[in-house]
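Visitor: Dropping a prediction and its sequence here:
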Amino acid sequence: VRAACPEVITLQLPEEPERIPSFLRHAWIFDTLRVSDEDLRRTSLYQQNLARERSRSSALTLREFLARLELQVDIRPMDDGQLARVSQLTQRTNQFNTTTIRRSEAEIRALLKDGLSDCLVVQVRDRFGDYGLVGVVLFSSAGGALVVDTFLLSCRVLGRFVEHRVIARLGEIALERGLG
């Protein structure tokens, strides 16, 4: 099969049957990201977006549209229950991702373990519904400055000026820490 169809992934199984289960558990081809709450709510999110688009098309200006949304942006430290979604966002987000660094849950946990780095999550909702956890900022304080390692936002909230609120929050944190 490997010679006739090189585009097909083939696995060479161990000859000893007792080694096959362990081999399959460790084969990278079967690795998957965990399914997040946002994944499970995808149909509802699409329906909410249709309502948003109708509101956008009837608004005369972007400012009017954004005012109609009644956007609420919540920026807070990540809790353990959000780790899977944070990792997922680092893996999937491309359009607004300042570094495109991809991280597993274990990598994020290790980064935060020493207490030198922080992780903020961004959750957004409007009058049509909840966008969910749509943004991540990983940062640290070093050399008298706030150093942003990762800053990303889901495409679901692009065009809503959410990034301005995140940057403002980072500025507040820098001032609180006495950083320049």
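Guide: Looks like it came in fine.

Visitor: Which secondary structure element is home to Ala106?
Guide: helix 105-113 (DSSP states H and E).

Visitor: OK, contacts around Ser141?
Guide: Ser141 makes contact with Leu116, Val147, Arg177, Leu179, according to C-beta atoms under 8 Å, 6 or more residues apart in numbering. For glycine as for every other residue, the C-beta is placed from the backbone atoms N, C-alpha and C.

Visitor: List the pairing partners of the helix or strand containing Leu120 within its sheet, with orientation.
Guide: In this assignment (DSSP H and E), Leu120 forms part of strand 117-126. Strand pairing for strand 117-126, determined by DSSP bridges: strand 72-77 (antiparallel), strand 129-142 (antiparallel).

Visitor: which one of the ones you listed is the most hemmed in?
Guide: Between the strands paired with strand 117-126, strand 129-142 has the highest mean count of neighbours, a mean of 20, where neighbours are mean count of other C-beta atoms under 10 Å.

Visitor: average pLDDT for that strand?
Guide: Averaging pLDDT along strand 129-142 yields 95.

Visitor: you'd agree Phe23 is in a helix?
Guide: Yes. Assigned with DSSP: H, G, I helix; E, B strand; the rest coil, Phe23 falls within a helix.

Visitor: What are the contacting residues of the strand holding Leu120?
Guide: Outside strand 117-126, the residues that touch it by C-beta under 8 Å, 6+ apart are 52, 69-78, 82, 85-86, 108, 111-112, 130-140, 149, 153, 156-157, 160, 162, 166, 169.
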